[in-house]
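Asks: Sequence plus the predicted model coming up.
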Amino acid sequence: MAPAAPLTTDEHARIRAMHAAGHSLGQIAAELGRSKSTVSKFAREQNLTWGNARTAAATEAKVATNRDKRAALETRFLDEAALLLDALHTPHTAFNFGGKDNTYEEHELPEPDVQSKRTLIQAAGTAVDKAVKLAEVDKAGAGAEAGKSMIGAMFAALRVTNLPDTPEDP
């Protein structure tokens, strides 16, 4: 494969202008019809860099969105658990299919039978467990930030205590 033709003076100027206007490396390469590596090589030679502020902002926005989604799911799981537990003491329809005539029978009971109650309790417990796990995800993230801050403070204190002693005047 033949090497790409060198960038022209006009392309140099356009790269600098587009960079100054905030265009990404990919946008500049697409606009010029050049590869990212060609544009990147010129940018490096000219000390043009792309900050990661937009990427960091987009990542933070996504993290916040996911945090909100987890909080909403946590609430829904807890609401469902409450509904399941409420069903323990509401009228329940017991039914049966079968027999040689394949009949259907149903009876209204004042509350669910023992097996149905056990199933409702297990389902409510599962919903609560899921809600707790979702809450733990955000607690773990908050703890990590506090831990980083604490470790940073410890290293700063260690640096101060390990500074060489200054000679004292006689």
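Replies: On my side now, so go ahead.

Asks: a strand runs through residue 95, doesn't it?
Replies: Yes: counting by DSSP: H, G, I helix; E, B strand; the rest coil, residue 95 is located in a strand.

Asks: what's across from it in the sheet?
Replies: Note on residue 95: beta-bridge partners by DSSP bridges are residue 106.

Asks: State the distance from the residue most central in space within the chain to residue 52.
Replies: Nearest to the mean C-alpha position of the chain, by Cα atoms, centre = their mean, lies residue 63 at 4.2 Å. Per Cβ to Cβ, to the nearest Å, residue 63 is found 15 Å from residue 52. In this view, the C-beta of every residue, glycine as well, is placed from N, C-alpha and C.

Asks: what's the answer for residue 117, then?
Replies: Distance of residue 117 to residue 52, given as Cβ to Cβ: 55 Å.

Asks: Those two: which is more packed in?
Replies: Per other Cβ atoms under 10 Å, whichever of residue 117 and residue 52 has more neighbours is residue 117, with 15 against 10.

Asks: How about the contacts made by the more buried one?
Replies: By Cβ atoms under 8 Å, 6 or more residues apart in numbering, the contact list for residue 117 reads 88, 111.

Asks: Then residue 31?
Replies: Residue 31 is in contact with 14, 18, 23, counting by Cβ under 8 Å, 6+ apart.

Asks: Tell me the most packed of the residues you listed, by neighbour count.
Replies: residue 18 (19 neighbours).

Asks: my read: that one touches residue 26, true?
Replies: No: contact criterion Cβ atoms under 8 Å: residue 18 and residue 26 do not qualify, at 11.2 Å.

Asks: which stretches of this structure aren't confidently modelled?
Replies: 1-2, 141-149, 155, 158-170 (pLDDT under 70).

Asks: Could you chop it up by domain?
Replies: Domain assignment for the chain by automatic domain parsing gives 9-45, 64-161.

Asks: on that earlier part again, how near is the residue nearest to the centre of the chain to residue 136?
Replies: Distance from residue 63 to residue 136, by Cβ to Cβ: 16 Å.

Asks: and what of residue 11?
Replies: Taking Cβ to Cβ, one finds residue 11 at 53 Å from residue 136.

Asks: Compare these two (neighbour count), which wins?
Replies: residue 11 (19 against 11).
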